[in-house]
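Participant: predicted model follows, preceded by the sequence.
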Amino acid sequence: MFAEPAREAGHELVEWLPHEEPPPPVEGLDAAIVFGAEAQVDQEDAYPWLRPEKGLLADLLEHRTPLLGVCFGSQLLAEAAGAVVRRAAEPEIGWHQVALTPDGSADPLLGFLPERFESLQWHHYEWLLPPGAVALARSARCLQAFRAEDRPAWGLQFHPEVTEADYGSWLRSWDDDPGAVATGLDPEAIRAETEGKIAAWNDVGREIAERFLATAA
């Protein structure tokens, strides 16, 4: 959902898949969005591409490049900004209520959302607030959004970028995710709920992308 608003605004998109090639030069990037992965942030030995990705994020933060991290991307960004990232007490998968903080209601990315809204989730880890960052949103289980206080960087734990096809592919792999299976949730029930809610949620994702790009510009 984030690519189309970028193209419509006339931006050049540079897609980097960390497991396939070295990172792009920082100097050529005016903004960056970091998405999800099957890895967790502490699995560098199992996923060697994590080290160069973390290095790129540290360089982007140092250069004050506008950044938006989503789910795993928000965890990488939080860690690069000095936060603790850890396994959550329980996963969040499916649709969960999120509440904006007062700072979230005034935030240029999230301020258009109602004070409470339903979000689409799939994560097993969480981050604590990075030093000096501002908490923008939280669910009953964990923090959900932050903004770095001294640089243009945002982290979102929920998934505003996914399409129905994206999420459907994750649900088809339910049995390959032991943490998901252990929740006892019914993936088919989540699929049915998603069918009825994804269109409005995709509108939210588009708006967040447009606001990030405008703020970055």
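Facilitator: Sure, I can see it.

Participant: ok, residues contacting stretch 179-188?
Facilitator: 90-91, 93-94, 122, 124, 171, 174-175 (C-beta atoms under 8 Å, 6 or more residues apart in numbering). Any C-beta I mention is one placed from the backbone N, CA and C, and that applies to glycine too.

Participant: same list, those residues, but as CSV with distance to A200, neighbour count and secondary structure please.
Facilitator: As requested, the contacts of stretch 179-188 are exported to CSV (distance: C-beta to C-beta, whole Å; neighbours: other C-beta atoms under 10 Å; DSSP: H, G, I helix; E, B strand; the rest coil):
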residue, distance to A200, neighbour count, secondary structure
E90, 26, 12, strand
P91, 24, 20, strand
I93, 19, 21, strand
G94, 16, 22, strand
W122, 18, 21, strand
H124, 26, 18, strand
L171, 19, 18, helix
W174, 24, 17, helix
D175, 29, 9, helix
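
Participant: send me stretch 140-150 as PDB with only the CA atoms.
Facilitator: The C-alpha coordinates for stretch 140-150 follow below in PDB (Å, rounded to 0.1, in the frame of the first residue of the first chain):
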ATOM      1  CA  ALA A 140      -3.400  -3.500  25.700                       C
ATOM      2  CA  ARG A 141      -0.300  -5.600  25.200                       C
ATOM      3  CA  CYS A 142       2.500  -3.200  24.200                       C
ATOM      4  CA  LEU A 143       3.600   0.100  22.700                       C
ATOM      5  CA  GLN A 144       2.500   0.500  19.100                       C
ATOM      6  CA  ALA A 145       4.100   3.700  17.700                       C
ATOM      7  CA  PHE A 146       6.900   6.100  18.500                       C
ATOM      8  CA  ARG A 147       8.600   9.100  17.000                       C
ATOM      9  CA  ALA A 148      12.200  10.000  17.700                       C
ATOM     10  CA  GLU A 149      12.300  13.400  19.400                       C
ATOM     11  CA  ASP A 150      15.300  14.800  17.600                       C
END
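
Participant: list the buried residues in it.
Facilitator: 141-148 (16 or more other C-beta atoms under 10 Å).

Participant: show me those that map onto helices.
Facilitator: Among the buried residues of stretch 140-150, no residue falls in helices (DSSP state H).
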